[in-house]
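J.: here's my sequence, what's the structure:
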Amino acid sequence: MAVAHVSSLENFRSSRRLAELLRGHDDIGSAAQTTRAALERRPEFASRIAIWDVAVRGLFEANLGEAVVLSFLRLSEHWPAQRSAHDLLAIGRAVTDIGRSAGSRIAHAALTELSKVLPRLAGANEVTTVLAALCQLADMGPESVGLAINRLEQLLGHAGAEGFSAWVSAGLRASGGRAAQRRAYFGLDDALSARLLALGRTGDDFARLEKRLAATMVALWNRKPRFRKLAIAPTSVPRRTSLAVGLIGLPETFPGFEGARADAIYLAAVAHAGAHLVHSTVRFPVGRLKALQLALVSLIEDARVETLALREMPGLRWLWLPFHTAVPSGQATAAGLMTRLARALIDPDYQDGDAWVAKGRTLFAAASERWTDPAISREIGGLLGNDIGQMRLQFNAKSYVVEPAYRDDNLALWDFGDAPDAPDAPTETIELAVDSVRIERREEAGGRSTDETARPDETLRARASVTTLLDGIPVATYPEWDYAANTERIDWTTILEADAVASAKPLELPAESEALRSITRLTRDASIGRRLRQKGQREGDALDIDAAVARTIERRAGHVSEPRVYQRDAPGPRDLAFLLLLDLSHSTADRDRAGRTVLDVERKAAAIMAAAVETARDAIAVHGFNSDGRERVRYLRIKGFDEPMDAVVRSRLAGLGSSHSTRLGAALRHAGSYLVQRRAFRKVLLVLTDGEPSDIDVPDPQYLTEDARRAAQQLRRRGMDIFAFGIGGGHYPQLGRIFGERYALRVPRIDVLPQRVMQLYTELKK
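T.: This next block holds a predicted model:
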């Protein structure tokens, strides 16, 4: 009783503070009192009304204008009963923060768009995930947050809450603090932005499930259509299943669906497509129908074929129903009402108080005796479209996408004829067909369609880069691991490759001649490679069972032969591929007390090792790298595996210089691409570096460390040995994190680096 009294007293005080603050602002004050009274009668707000008062005060005190406060009050008054009060309060706080960073106009747009997308954000914490992403963008890129907010409905329809959050995080990473680049990314004028939004996450669910989907079509519908993987959409409009001339096109992934949910949505999509193949027996002429009417007729046709399918196979309801998550919302939109109608026509337990949704359900039920006739879809869709027009609800054909996500794009239902060429054809009809659903197939240079080409393994495999830069030839792009977002961003770094420039004077090593001779003696007799099992020997380490059995048979048969009944293992041919990767960043120009630079010592170590390894008849390559942002990771070829250690290579070593930064992960991946091509029993990558990973566009020092660590782990899983030498007096705490303490070797005195490198080599050859 005492607790209830205290709560009531606090609510009263909070109400008084809000009323005093709004004194003199009659419109806001009156609306606040009305809304507050309505919320107090709702159980979910009973204990949170004081927090709601704080949210209203925050909006008002942020000086965002009456329109923003009144918009939040309207949203509160019509807040759906099914929604958590926590989400409304989170919206109030987030809009306040966004407004303080980006201004009142953006804050008002945020409230408007958030009210539209609420039906899409039905999962736990989805609202707070989106709000956190928008607040992060407003804080770090206030000039760009409006670009994302104005497209929020279509962005979320494509990527989902988690995908949207990852896309925002990637954009802030990619921009490197540059406002112009942020505007291009969040305005979807950047190719990387569209690609990351389209992919959502790595993986290829279509390839994984294709055989299962084909079996499902046979089991449900006794049909064997051909499947085709759809190309990634170049716009922010999400991809849907597409039916055409006996083909079922399915997207590579359904963004926002992973694991078991990904399996379920592909099965639901195939079952729905099969229902169309069986029950959609005619194509509707487009004629002079507007985009909204096309969408509504398609919606009714979807419901019709599913209803017929459920008559034969009632269990399909449990496959389709989980994806119908629409609920009544306060501010009705045309797209939102259509999503709610779609649920009402398949879910008999769904309750919706909207008169338009109720009318659609009634018309569909009244036509039950004609459900086998496709003409009812045209009739009911036309009637409902007229009602939407009279309600003056806006319908954006460009941003509209079929919901729920398992349903197809409905293009196969329509006969467009020569509509694009007809002078009277409604423009918005063409936009619906082209911009909202149909994506052109683009041909690659080799003549293959991108729809037919699966994406390569993004973990380590390079992709041909289309970037054109001046300081090297762009040869590949690689992913990069974002530990904070727990995602691997594909095609994130660009490798610019070139041959190292040769100096006029080759590198000479007179002082190391005796050291080179001793190292050569050590390596000449060492071996590494496959062990050869020699059988049928006079002497050996073990008995050769096959030879012993044969010898016994011969003796019993009365034959006498030489007793070769032993076997032994002998070293096989040398079979080692070694890649020495030199850090060429600006810090390698630092000198020690004797005046030697780190780069000088790296060059000498590389020359000694290359000469010794070549003498031992093993393969060695020497490469170097530095970086100037993620799009300029410069990679220099100094010596190839098949090149001799001659004056040309020594001239390239002499011509090396120190500049820029150290984006280690990208260099490791590209070096690994060279090693993976070598046929060798053992493949070794050795990195010589004088510092930790860093780059100009990455303020978080841990980011590149975690990416390099992931790259090293991936290379090891592909059978490579990876070592690193930290050169100089630094402690290099991250070196052990990247390569593992056993494989990260410190060399405080740079003058002993050549000996340490060769010691490692001889150990590897034992």
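J.: what does the residue nearest to Phe578 when sequence neighbours are not counted show for phi and psi?
T.: Take Phe578 and drop its neighbours on the chain: the residue closest to it by CB to CB, 6 or more residues apart in numbering is Ile620, 4.4 Å away. Where C-beta positions appear, they are placed from N, C-alpha and C, glycine not excepted. The phi and psi torsions at Ile620 (degrees, to the nearest 10) take the values phi -140, psi 140.
J.: now the helices for the stretch 101-250 of the chain?
T.: For the stretch 101-250 of the chain, the helices defined by DSSP state H, counting those that start in this stretch occupy 104-117, 126-140, 145-150, 152-175, 179-186, 191-199, 205-221.
J.: the residue most distant from the middle of the protein, which is it?
T.: Largest separation from the mean C-alpha position in the chain: Gly558, at 74.5 Å (CA atoms, centre = their mean).
J.: which pLDDT value belongs to that residue?
T.: Confidence at Gly558, expressed as pLDDT, is 76.
J.: my reading is that it lies in a helix. Confirm?
T.: No. Going by DSSP: H, G, I helix; E, B strand; the rest coil, the assignment for Gly558 is coil, not a helix.
J.: and it, what does it touch?
T.: Listed by CB atoms under 8 Å, 6 or more residues apart in numbering, Gly558 has no contact partners.
J.: and what of Gly274?
T.: Taking CB under 8 Å, 6+ apart, we find Gly274 in contact with Met217, Leu220, Trp221, Arg223, Ala309.
J.: the nearest residue to the third one once chain neighbours are set aside and Pro693, how far apart?
T.: Once flanking residues are discounted, Trp221 sits nearest to Gly274: 3.8 Å by CB to CB, 6+ apart. Gly274 sits 51 Å away from Pro693, going by CB to CB, to the nearest Å.
J.: tell me the SS of Asp263?
T.: Using three-state DSSP, the secondary structure recorded for Asp263 is helix.
J.: report how many residues lie close to the closest residue to it other than its chain neighbours.
T.: For Asp263, ignoring the flanking residues on the chain, the nearest one in space by CB to CB, 6+ apart is Leu209 at 6.5 Å. As a burial measure, Leu209 scores 18 neighbours (other CB atoms under 10 Å).
J.: wait, Leu209 sits on Ile265?
T.: No. The pair Leu209 and Ile265 fails to qualify as a contact (CB atoms under 8 Å) at a distance of 10.1 Å.
J.: mutual contacts of these two, please.
T.: Counting by CB under 8 Å, 6+ apart, Leu209 and Ile265 have no shared contacts at all.
J.: please report how far the nearest residue to Val127 once chain neighbours are set aside lies from Leu196.
T.: Leaving out its chain neighbours, the residue that sits closest to Val127 by CB to CB, 6+ apart is Asp87, at 4.3 Å. Asp87 sits 27 Å away from Leu196 when distances are taken as CB to CB.
J.: those two: which is more packed in?
T.: Taking neighbours as other CB under 10 Å, Asp87 and Leu196 compare with Leu196 leading, 24 against 19.
J.: count of residues packed around Ser368?
T.: Ser368 sits with 9 neighbouring residues when counted by other CB under 10 Å.
J.: how about Ala37?
T.: The number of residues packed around Ala37, counting by other CB under 10 Å, is 12.
J.: the strands in the stretch 351-500 of the chain, which residues?
T.: In order along the chain, the stretch 351-500 of the chain carries the following strands (DSSP state E, counting those that start in this stretch): 414-415, 473-482, 487-499.
J.: out of those, which gets nearest to Gly187?
T.: The stretch from the strands of the stretch 351-500 of the chain with the least distance to Gly187 (CB to CB) is strand 487-499; that distance is 19.2 Å.
J.: packing partners of the closest one?
T.: Using 3 or more CB pairs under 8 Å, 6 or more residues apart in numbering; DSSP states H and E as the contact criterion, the neighbours of strand 487-499 among helices and strands are helix 152-175, helix 191-199, strand 473-482, strand 633-639, helix 664-676.
J.: so for Trp318, which of these sits nearest?
T.: Between Trp318 and the helices and strands packed on strand 487-499, the shortest gap by CB to CB is with helix 152-175, which sits at 22.2 Å.
J.: got the angle for that closest one vs strand 487-499?
T.: Between the direction of helix 152-175 and that of strand 487-499, the angle (axes from the mean of the first three to the mean of the last three CA atoms, to 10 degrees) works out to 40 degrees.
J.: now helix 152-175: mean pLDDT?
T.: On average, helix 152-175 scores 82.
J.: what's around Val560, how many residues?
T.: A total of 7 residues lie near Val560 under the criterion other CB under 10 Å.
J.: contact partners for it?
T.: By CB under 8 Å, 6+ apart, the contact set of Val560 is Glu554.
J.: the residue nearest to Val127 and Asn125, how far apart?
T.: From Asp87 over to Asn125 the distance is 9 Å, taken as CB to CB.
J.: what of Ala342?
T.: Taking CB to CB as the measure, Ala342 and Asn125 are separated by 25 Å.
J.: domain assignment for the protein?
T.: Here the chain is described, according to automatic domain parsing, as comprising the domains 2-199, 205-437, 456-499, 518-522+574-765, 531-571.
J.: which one of the helices and strands packed on strand 487-499 lies nearest to Asp302?
T.: Counting by CB to CB, Asp302 lies closest to helix 152-175 out of the helices and strands packed on strand 487-499; the figure is 16.8 Å.
J.: counting by contacts, list what that closest one packs against.
T.: Packed against helix 152-175 by the contact rule (3+ CB pairs under 8 Å, 6+ apart) you find helix 104-117, helix 126-140, helix 179-186, helix 191-199, strand 473-482, strand 487-499.
J.: swap in 6 Å and give it another go.
T.: In this structure, helix 152-175 packs against helix 104-117, helix 126-140, helix 179-186, helix 191-199, with contacts taken as 3 or more CB pairs under 6 Å, 6 or more residues apart in numbering; DSSP states H and E.
J.: turn these into TSV, including distance to Lys604.
T.: Converted to TSV, these look like this (distance: least, CB to CB, whole Å):
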stretch	distance to Lys604
helix 104-117	58
helix 126-140	45
helix 179-186	41
helix 191-199	41
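J.: can you lay out the ones you listed as CSV showing distance to Val687 and mean pLDDT?
T.: CSV is the format used below for the helices and strands packed on helix 152-175 (distance: least, CB to CB, whole Å; pLDDT from 0 to 100):
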stretch, distance to Val687, mean pLDDT
helix 104-117, 46, 89
helix 126-140, 33, 91
helix 179-186, 30, 86
helix 191-199, 28, 69
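J.: nearest to Met758, of those helices?
T.: helix 191-199 (43.3 Å).
J.: quick one: the strands in the stretch 601-750 of the chain?
T.: 619-627, 633-639, 682-689, 720-727, 744-747.
J.: got the contact list for the fourth one?
T.: Right, the one you point to is strand 720-727. With CB atoms under 6 Å, 6 or more residues apart in numbering as the contact definition, strand 720-727 has outside contacts at 598, 675, 683-688, 690, 712, 715, 732, 735, 739, 743-747, 750, 753.
J.: okay, now the sheet partners of it, with direction.
T.: strand 682-689 (parallel), strand 744-747 (parallel) (DSSP bridges).
J.: angle of it against helix 664-676?
T.: Computed by the same axes, to 10 degrees, the angle separating strand 720-727 from helix 664-676 equals 140 degrees.
J.: chain center to strand 720-727: distance?
T.: Distance of strand 720-727 from the chain centroid (CA atoms, centre = their mean, to the nearest Å) equals 29 Å.
J.: same deal with the longest one?
T.: Between the mean C-alpha location of strand 619-627 and the chain-wide mean there is a distance of 29 Å, by CA atoms, centre = their mean.
J.: for that strand, what is the average pLDDT?
T.: For strand 619-627, the per-residue pLDDT averages 93.
J.: before we move on, the earlier item: Leu507 is nearest to which of the domains of the chain?
T.: For these, the distance to Leu507 is smallest for domain 518-522+574-765, at 4.2 Å, taking CB to CB.
J.: how many neighbours does Ile553 have?
T.: Counted with other CB under 10 Å, Ile553 comes out at 10.
J.: for Asn150, give its distance to Ser104.
T.: Between Asn150 and Ser104 the distance is 15 Å, computed by CB to CB.
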